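Student: generate coordinates for the sequence data below:
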Amino acid sequence: MFRYIRNRLLGLIVVLLGVTILTFVFSNISSVDPAEAYALRHILNPTPNQIAAIRTEMGMDLPLYRQYINWIGGCLQGDLGTSLITKNPVSADIAHKMPATLKVVMMAFFWVVIFTLPVSILAAVYKDSIFDNIAKFITIVGISIPNFWLGFILLVAFAVNIPLFKVVGYGDFKSLILPSLTIAIPISSMSIRLFRATILSNMNQDFVIYAQARGIPKARIIWGHVVKNSLPPMITVFCQYLGYMIAGSAIVESVFSWPGIGSHLVSAIVGRDLPTINGCVLVIAVIFTLLNLLADLLNIVINPKMLNERGEI
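Tutor: Alright, predicted model coming up:
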């Protein structure tokens, strides 16, 4: 177990290093000059000399590899840089924005669990029934609809035509419902399809036939054997989806004017705020990789036989 955790942590370090390199390179190859964008926000008709002075002050005149070394060195000391827009430390801005994102993501995760478990089980148990066909149609539609379009549909339906919710708002429980559903519906649709297929696969296993031969009631076989054996892969998927929801919250937060890290990242991209872009991507990557590690550890706790003698799955 210890060997496995050590190897995974080493792998995560390599992954995060690759993420930081790619993010830093891609954010610096844009045709928009961050120093010029900064000058235009703070100086009326900036001259080329003023822009050049700002570039030097920010260290953007250095070779790209030197800029990366300076930035990653600061990250290792807990310094993600200073935002070019807010003038605050990037870490402080992220810490301020993250709770809003976590609220909507945890609410979305609640919807995912609530929708996935009962619908998947009923669709598998009553395969090819009317309920299964309806669930199949709805999940296909849910997978196909883009997040931003679904968000606009929910806004028009339940904030304009049927004004149950505010178009914009933050702070109360009602403000969480529409953005969390926008994130949860596509994820729930994929989860339902996957969990249903896993349950159907396990229903054809030998242990189910043996349990039926012993006269065990069908409900007990489904809940005590089939569902229990179908949960471990879903734990991995749910933890991965948590990472996806945090990473993919940017568009949804922009649609609903939600003050989270996703909309903060979008604003940074529009404003060419490189320290904020790199810091947000790094934090999201850390959360995503740690959630993947958590999923594997939970599966090992549930089924220790997953590890071989070399500490590998």
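
Student: excluding chain neighbours, what is closest to residue 58?
Tutor: In space, residue 58 comes closest to residue 35 once its chain neighbours are excluded; the distance is 6.2 Å by CB to CB, 6 or more residues apart in numbering. Every C-beta, even on glycine, is put in place using the N, C-alpha and C of the backbone.

Student: now the one you found: which helix or strand?
Tutor: helix 34-42 (DSSP states H and E).

Student: avg pLDDT for that helix?
Tutor: Regarding helix 34-42, the rounded mean pLDDT is 79.

Student: for that helix, name the packing helices and strands.
Tutor: helix 48-58 (3 or more CB pairs under 8 Å, 6 or more residues apart in numbering; DSSP states H and E).

Student: now the helix it packs on - C-alpha only, CSV.
Tutor: Taking C-alpha atoms only, helix 48-58 is exported to CSV below (Å, rounded to 0.1, in the frame of the first residue of the first chain):
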residue,chain,number,x,y,z
PRO,A,48,5.9,51.8,-26.8
ASN,A,49,8.5,52.9,-24.2
GLN,A,50,5.9,52.6,-21.4
ILE,A,51,4.8,49.2,-22.6
ALA,A,52,8.5,48.1,-22.8
ALA,A,53,9.1,49.3,-19.3
ILE,A,54,6.0,47.4,-18.0
ARG,A,55,7.3,44.3,-19.8
THR,A,56,10.7,44.6,-18.1
GLU,A,57,9.1,45.2,-14.7
MET,A,58,7.0,42.1,-15.1
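
Student: buried residues in that helix, which are they?
Tutor: 51, 52, 54, 55, 58 (16 or more other CB atoms under 10 Å).

Student: now do the contacts for residue 46.
Tutor: Taking CB atoms under 8 Å, 6 or more residues apart in numbering as the contact definition, residue 46 lies against 36, 39, 40.

Student: kindly report the same for residue 251.
Tutor: Residue 251 makes contacts with 147, 148, 151, 262, 266, as judged by CB under 8 Å, 6+ apart.

Student: correct me, but the second one touches residue 253?
Tutor: No: when contacts are counted by CB atoms under 8 Å, residue 148 is not listed as touching residue 253 (10.7 Å).

Student: so for these two, which sits in the more crowded spot?
Tutor: residue 253 (26 against 13; other CB atoms under 10 Å).

Student: what helix or strand is residue 106 on?
Tutor: Counting by DSSP H and E, residue 106 is part of helix 90-125.

Student: what's the angle from the helix or strand following that helix to helix 90-125?
Tutor: Sequence-wise, the next helix or strand downstream of helix 90-125 (DSSP H and E) is helix 130-144. Orientation of helix 130-144 against helix 90-125 (axes from the mean of the first three to the mean of the last three CA atoms, to 10 degrees) gives an angle of 150 degrees.

Student: who's in contact with helix 130-144?
Tutor: Contacting residues not belonging to helix 130-144 are listed as 119, 122-124, 126, 185-186, 188-190, 192-193, 196 [CB under 8 Å, 6+ apart].

Student: cool, and stretch 234-246?
Tutor: Contacts with stretch 234-246, where a contact means CB under 8 Å, 6+ apart, come from 101-102, 105, 108-109, 112-113, 116, 183, 187, 191, 194-195, 198, 261-262, 284, 287-289, 291-292, 294-296, 298-299, 302.

Student: low-confidence ranges in this structure?
Tutor: For the chain, the stretches flagged by pLDDT under 70 are 1, 166-171, 302-313.

Student: in it, which spans are helices?
Tutor: Taking DSSP state H, the helices of the chain run over residues 2-28, 34-42, 48-58, 64-76, 90-125, 130-144, 147-155, 174-203, 206-213, 218-221, 227-247, 249-255, 261-270, 274-302.

Student: name the residues of the longest one that are buried.
Tutor: Meaning helix 90-125. 90-91, 93-94, 97-98, 100-101, 103-105, 107-109, 111-112, 115-117, 119-121, 123-125.

Student: same thing with the second one?
Tutor: Along helix 34-42, these residues count as buried under the neighbour rule (16+ other CB under 10 Å): 34, 35, 36, 37, 38, 39.

Student: how about the fourth one: what's its closest non-neighbour residue?
Tutor: Take residue 37 and drop its neighbours on the chain: the residue closest to it by CB to CB, 6+ apart is residue 272, 4.1 Å away.

Student: what sits against that neighbour?
Tutor: Applying CB under 8 Å, 6+ apart, we find residue 272 in contact with 30, 32, 33, 34, 37, 38, 84.

Student: any idea how far residue 247 is from it?
Tutor: Separation of residue 272 from residue 247 (CB to CB, to the nearest Å) stands at 21 Å.
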